[in-house]
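[1] Structure of the sequence below:
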Amino acid sequence: MSDPQQPFTLIPGAADSPVLLHVPHGSRSIPHHVRKGIASDDTALERELDHITDAHTAELAAAAAKLAPVVPWRFVNKLSRLVVDPERFPDEREEMLSVGMGAVYTRTTHREPLRPPEGDPTPLLEAYFHPYAAAMTEAVEARIAAVGRAVIIDVHSYPTEPLPYELHGTGPRPPVCLGTDPFHTPPELLAAAETAFGDRFGHDGIGHDTPFAGTYVPLRHYGSDRRVTALMIEIRRDTYMTEPGGPAGPGLDTLAEGLAELVGSVTAR
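    The predicted structure follows:
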């Protein structure tokens, strides 16, 4: 496991773009001192990273940014979600605590031990979770200051077959799942995504909030600031890569075109 100098990065886009492409789960990198606190041996850890990582999503966001008529900003997590998961609630509000996958995971995708459940998550939260949240909040506020609004497009992927950790894995698993929030996902944002990806996967290839629901908004703005809109894009992995953890295929280009179209559509509004 590597020790990156920077746990996350904000890649600038056009000054007049409101869009932040957020890539929170695309890295496999775990700092050495964090690796020491993980119980899995190296083989098991690599297998877990194959399952838990949203592989190639950073490349997807980069490709879409190149194709978009107005270049979006990109906020990219450079660490694995096995360090901390920046999209979880850091407290008892997080439903994934029931399977040991709150902001700091204690269980794997197969519900096997990852860290001692009685361990103190505070050091990891202070070192990684809270700085990430603060930086993402600043990035959102910078877009509001520049153009009066921020549009967060959360870029994820999910496995073709459900994994044991999934709490809602029995529902449909469409090629593209659009995760929404009743406050932060306006109808026009959802419609733009339905058009962009529906043109490529068909109307039946697009689902809403299944098998994963919701979208990421910084807590400072969550449920209170309508200048911040957000949508999660969850892509079924067999549409663009070899599972689990394998190389990307030509489907990545199709997805990049769809994501770029979505970026262009919401930027123009």
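[2] part of a helix, is F197?
    Yes. Checked against DSSP: H, G, I helix; E, B strand; the rest coil, F197 lies within a helix.
[3] Now do the same for it: its pLDDT.
    Note for F197: predicted pLDDT of 98.
[4] list the contacts for it?
    By C-beta atoms under 8 Å, 6 or more residues apart in numbering, F197 lies in contact with 175-176, 178, 205-206, 233, 258, 262. Using the backbone N, CA and C atoms, a C-beta is placed for each residue, glycine as well.
[5] Provide the secondary structure category for the spatially most distant residue from the centre of the chain.
    Taking C-alpha atoms, centre = their mean as the measure, the residue most remote from the mean C-alpha position of the chain is E118, 27.2 Å away. Look at E118: counting by three-state DSSP, its state is coil.
[6] Distance-wise, check it relative to V83.
    With distances taken as C-beta to C-beta, to the nearest Å, E118 is found 19 Å from V83.
[7] quick revisit: if I look at the residue farthest from the centre of the chain, how far off is S224?
    Distance from E118 to S224, by C-beta to C-beta: 35 Å.
[8] D41 too?
    D41 sits 45 Å away from S224, going by C-beta to C-beta.
[9] and what of G251?
    Separation of G251 from S224 (C-beta to C-beta): 38 Å.
[10] Of those two, give the one with the bigger neighbour count.
    G251 (20 against 11; other C-beta atoms under 10 Å).
[11] Please name the residues that touch that one.
    Contact partners of G251, counting by C-beta under 8 Å, 6+ apart, are 239-241.
[12] what about V71, how many neighbours?
    As a burial measure, V71 scores 20 neighbours (other C-beta under 10 Å).
[13] Just to check, it is in contact with A14?
    Yes. Using C-beta atoms under 8 Å, V71 is in contact with A14, at 4.6 Å.
[14] which residues touch the closest residue in space to H110 that isn't next to it in sequence?
    Once flanking residues are discounted, H110 sits nearest to P164: 5.1 Å by C-beta to C-beta, 6 or more residues apart in numbering. P164 is in contact with 109-111, counting by C-beta under 8 Å, 6+ apart.
[15] Report the buried members of these.
    T109 (16 or more other C-beta atoms under 10 Å).
[16] Include secondary structure, distance to L124 and pLDDT when you put the contacts of P164 into TSV, please.
    As requested, the contacts of P164 are exported to TSV (DSSP: H, G, I helix; E, B strand; the rest coil; distance: C-beta to C-beta, whole Å; pLDDT from 0 to 100):
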residue	secondary structure	distance to L124	pLDDT
T109	coil	19	97
H110	coil	22	96
R111	coil	20	96
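[17] Using CSV, please lay out the contacts of P164 together with distance to H22.
    Listed next are those as CSV, based on distance: C-beta to C-beta, whole Å:
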residue, distance to H22
T109, 22
H110, 27
R111, 27
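[18] Kindly indicate which of the contacts of P164 lies nearest E138.
    Of all the contacts of P164, T109 has the smallest distance to E138: 31.6 Å, by C-beta to C-beta.
[19] Quick check: the closest one touching L49?
    No. Applying C-beta under 8 Å as the test, T109 and L49 come out as separate, 10.0 Å apart.
[20] what about the stretch 51-200 of the chain, any weak spots by pLDDT?
    Within the stretch 51-200 of the chain, the set of residues satisfying pLDDT under 70 is empty.
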